[in-house]
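Visitor: starting from these lines, generate the structure:
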Amino acid sequence: MSGCPFAVLIWVLPWPLLRNCAYVLKDNRTTFILCNNPTSRVVSKWYFFLCVPQFVIAPLVALAEGDTIAGLFFGARITATLAAKEINKKYPYQRAAGLSHLATFGPLMAWLISKGIWGEAKPDSFRGGFLWLQMRVTAVCLLIDARDILFQIAGYPYPCYIREAVIAKKIKVNDPRAKKPVTLWSRIVGP
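Guide: Prediction:
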């Protein structure tokens, strides 16, 4: 798809919106650094691999190629980041933040699949490779987020890297569920 009508909006987006996104990214990065455990390092790398292309490459592809889909990835990333900020205020350090991805990227992915774009995107150009990779990375992320929401509902709101940090007294959380021991099984499968 080309002729992105939203590409122009990249230049007129209110800077406070982008500043809030930067705050969220910095805050999450600080949490990963504070935790400083094997699980947080893996999550930090995944977070970088997911967010940076959608914040940096997506708007460039949207502008350079006039690509609507890349613009939609950029818009979904901004919306998800701001939604995660609000969720984190109410449920700090919990898995509930996964709702931000499910509510923004979920509909985008459903639309991409319904339009046949999933099978259409090929890594034969920069744009094609970017979209091909982003659709697959986002699909994996949505599966992980759905799993996290199920754990949240089941009463296991804290991911392993947060529990490890609470046990090591690197982060203070006054919830006994945050002190549940972390095993190799919980790191791989959960909760």
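Visitor: all contacts plus neighbour counts: C-alpha atoms, from now on.
Guide: Fine.
Visitor: pLDDT weak spots in the chain?
Guide: 1-15, 121 (pLDDT under 70).
Visitor: run the last query once more with 50
Guide: 1 (pLDDT under 50).
Visitor: tell me where this protein has helices.
Guide: 9-12, 15-35, 38-52, 58-65, 68-90, 98-114, 117-120, 126-153, 160-167, 184-188 (DSSP state H).
Visitor: deepest of these, which one?
Guide: Using mean count of other Cα atoms under 10 Å, the stretch among the helices of the chain with the largest mean neighbour count is helix 160-167, at a mean of 23.
Visitor: picking that back up, quick one: closest of the helices of the chain to D175.
Guide: D175 lies closest to helix 160-167 among those, at 9.8 Å (Cα to Cα).
Visitor: how about the helices of the chain in JSON lines, adding distance to D175?
Guide: What follows is those, written out as JSON lines (distance: least, Cα to Cα, whole Å):
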{"stretch": "helix 9-12", "distance to D175": "41"}
{"stretch": "helix 15-35", "distance to D175": "17"}
{"stretch": "helix 38-52", "distance to D175": "20"}
{"stretch": "helix 58-65", "distance to D175": "39"}
{"stretch": "helix 68-90", "distance to D175": "14"}
{"stretch": "helix 98-114", "distance to D175": "20"}
{"stretch": "helix 117-120", "distance to D175": "42"}
{"stretch": "helix 126-153", "distance to D175": "14"}
{"stretch": "helix 160-167", "distance to D175": "10"}
{"stretch": "helix 184-188", "distance to D175": "18"}
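Visitor: between those, which gets nearest to A178?
Guide: Judging the helices of the chain by Cα to Cα, what sits closest to A178 is helix 160-167, at 5.0 Å.
Visitor: show me the contacts for A103.
Guide: Residues near A103 by Cα atoms under 8 Å, 6 or more residues apart in numbering: A80.
Visitor: could you tell me how far it is located from R19?
Guide: A103 sits 22 Å away from R19 when distances are taken as Cα to Cα, to the nearest Å.
Visitor: next: Y47.
Guide: For Y47 relative to R19 (Cα to Cα), the value is 18 Å.
Visitor: go on, G119?
Guide: From G119 to R19 the distance is 35 Å (Cα to Cα).
Visitor: same deal with D67?
Guide: 24 Å.
Visitor: could you do Y156 as well?
Guide: 32 Å.
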